Structure formats: structure tokens, C-alpha cells
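1. make a model of this:
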Amino acid sequence: CQMQSEMERRWGLLASVANTRRCAVRSLEWCIEPDPKSDEDDSFAREVADYVGNTLTSIESWADALAHLSEAIGPNLAVVETIWEKAVPVDYVIVPYSRLATHPITNQGVVIRTEDNYLGYPTEEFPGKFIVHIPNSHGGFPFRATLTLATIRSYLMAWHSATDWMAYSELFGCPVRVGTFPQGAKQKDVDQLRTELNEGGSDVAILRPEGMEFDLIQASGTGETYQKQLAYTDGEVAKLWLGQTLTTDVGDSGSRALGDVHNEVRMDLRDADLQGEAS
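-> Numbering: from 1, shown residues only. Next up is the predicted model:
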């Protein structure tokens, strides 16, 4: 969870696609509906659902709780604590990621670490106290395969490519100044030429001793390999998080029809996220 937060802070594209997917859920209206499988009288079930919905709406932190639960898309975990007073929820508190862990023995489930219990209290021992959102579980292990883990390689590639590209641009973006001096030149003349070369990047006039010259040599290429690597990682992350690329970058082969098809794929992911969070 902390890794996902750090990657989003450092990589704008990841923050964008992650926010796009989460906002697809958060932007929709929510409501509490009676359980369709319930044998209760329909009118009574509706009355109960309305009461629960009104209670949640009156809690100011409920919107923040919903926003935080959507952040489970990626690291595969988000936990919110319910504060009760006289059998009624009155507040919701986001549980920091630093307090979360898996069971120390079974490596399953979620525990809440506290100052008096570092191993943590299992959330399932407190029904109604914690809202634990785990969108996917592979073989019973919620954190074996997550979007966050699958994003790490692209993040590292993009981070280093951008860093190397900036270093390349700083080194080769300006012409290299090469000075020459005749055989037997005095050291003070050589030092003066070096000074002129170092300061020549910003000066409009240069004074040099007679017999000494310098040339400007422009580097070939503009770091195309870094651009290709960044474009590759952009596409990989878009496909990983949104299932397609045309809603983030049209590219050279984009079209309205193909864009609509890609958007349908994104809506399929949204519907799956809705089903995962609805419970």
C-alpha cells in the first residue's frame, strides 16, 4: 500500500490512470438496497434500507470512507474503522497503511497493529468494527498478485528512463566546446582558454589569445531510446489499469470506433470494481 502511494506521488501517468479507474466508481451515486434474497416483508426491508442510507448520509466522514475504500484498487487493500455510539455508527476513521499487516502465521487475512499488540488484532474478530475491502484474492492470498506489484517494473523503467533522459539532455543538449592551442603555448594562455570555454556558454563575446581556437560540436541524436521506453511504459500501465490504451493516448492508429470499443473494456472493469465494492 505504501509502495502504491509512493509510485503515484512520483509518476504522474500512474496517478492519472489509477485516479481514472477509481473515479469511475466514486463518481456514481450510491444507495442502500434491501437484500433481494431476504424473506422479510418488502416494505419493512425498504424502510430498514432507507434508515441505513440516511444514517450514513448524515455522517460527514462517510464520503471520505468511500473514497478511501476505492484506493484498494491497486494494492488490493483498504480498511476503514467504524466508530459506534449506542449501537449507531457516528464516524469513520481511515486506518493508516502502516498499521496493517497479514496474519503472522497463516499470512492470510488482515490484522490491525497497535502499540500494545505489534502482531495485530485480526479484523474478523471484530464484526461490524472494520470495513475491509479486498477487491481480488488469488488462492486465498490477497497480496500474491496485485496491480501494484504488476506496475513496479514499468514504474522503474519509466523512472530511470526519465532520469537518464534528463541527464542526457543536460550533457548533450548544448554543443560541446573544444579548444585548441599551438604547441608550446604558455600555461597562463591555456588556463585563459579553459576559462573562456567554461564561460562561453552564457557570454556573447569571447576573448582568446592569438593562435588559439575553439569549435562547437553538436551531439547527434536527441535521446530517442528514452522516448521509446517512456512510450512503452505508458502503454503497459494503461493496459494494466484500464484494459486498453485509446482512452489515454490516441496514438497513430486511433479512431472513433476503436476508441468506443476500448472504452467498453474500461466500463467492464468499472462494473467489476462496483461489484467488488458493493458488499
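
2. how far off centre is the top helix by length along the chain?
-> The longest helix of the chain (DSSP state H) is helix 147-172. Relative to its chain's centre, helix 147-172 lies at 14 Å (C-alpha atoms, centre = their mean, to the nearest Å).

3. and it, what's buried?
-> By 16 or more other C-beta atoms under 10 Å, the buried positions in helix 147-172 come out as 147, 148, 151, 154, 155, 158, 161, 162, 165, 168. For the C-beta atoms, the positions are set from N, CA and C on the backbone; glycine is no exception.

4. ok, of those residues, which one's closest to residue 21?
-> residue 147 (9.0 Å; C-beta to C-beta).

5. how about the closest one, what does it touch?
-> 73, 74, 75, 76, 240, 241 (C-beta atoms under 8 Å, 6 or more residues apart in numbering).

6. switch the cut-off to 7 Å
-> By C-beta atoms under 7 Å, 6 or more residues apart in numbering, residue 147 lies in contact with 73, 74, 240, 241.

7. can you pull the contacts of the residue nearest the centre of the chain?
-> Centroid check for the chain by C-alpha atoms, centre = their mean gives residue 8 as the closest residue, at 3.1 Å. When contacts are counted by C-beta under 7 Å, 6+ apart, residue 8 touches 14, 15, 18.

8. show me the contact partners of stretch 73-80.
-> With C-beta under 7 Å, 6+ apart, stretch 73-80 has contacts from 1, 4, 18, 21-22, 65, 68-69, 71-72, 92, 94-95, 100, 110, 130-136, 142-143, 146-148, 273.

9. quick one: low-confidence residue ranges for the stretch 101-250 of the chain.
-> Residues of the stretch 101-250 of the chain that meet the criterion pLDDT under 70 lie in 139-140, 173-177, 200-222, 244-250.

10. please repeat the previous calculation with a cut-off of 80.
-> Within the stretch 101-250 of the chain, the stretches falling below the threshold (pLDDT under 80) are 104-108, 137-142, 170-186, 189-190, 192-223, 244-250.

11. let me see the ranges of the helices in it.
-> For the stretch 101-250 of the chain, the helices defined by DSSP state H, counting those that start in this stretch cover 147-172, 187-199, 224-242.

12. nearest to residue 31, of the ones you listed?
-> Relative to residue 31, the nearest member of these by C-beta to C-beta is helix 224-242, separated by 26.3 Å.

13. buried residues in that closest one, which are they?
-> Within helix 224-242, the residues scored as buried using 16+ other C-beta under 10 Å are 226, 229, 230, 233, 234, 235, 236, 237, 238, 241, 242.

14. I figured residue 89 was touching residue 62, is that so?
-> No: using C-beta atoms under 7 Å, residue 89 is not in contact with residue 62, being 8.8 Å away.

15. distance check, residue 101 against residue 165.
-> In this view, residue 101 and residue 165 are 38 Å apart by C-beta to C-beta, to the nearest Å.

16. check residue 47 too.
-> In this view, residue 47 and residue 165 are 62 Å apart by C-beta to C-beta.

17. what are the buried residues along the host helix or strand of residue 64?
-> Residue 64 is part of helix 62-70 when elements are defined by DSSP states H and E. Residues 62, 65, 66, 68, 69, 70 are the ones in helix 62-70 that count as buried (16+ other C-beta under 10 Å).

18. show me what contacts residue 34?
-> Residues near residue 34 by C-beta under 7 Å, 6+ apart: 45, 46, 49.

19. could I get these in TSV, plus columns for distance to residue 268, neighbour count and secondary structure?
-> Formatted as TSV, those follow (distance: C-beta to C-beta, whole Å; neighbours: other C-beta atoms under 10 Å; DSSP: H, G, I helix; E, B strand; the rest coil):
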residue	distance to residue 268	neighbour count	secondary structure
45	30	16	helix
46	31	14	helix
49	28	15	helix
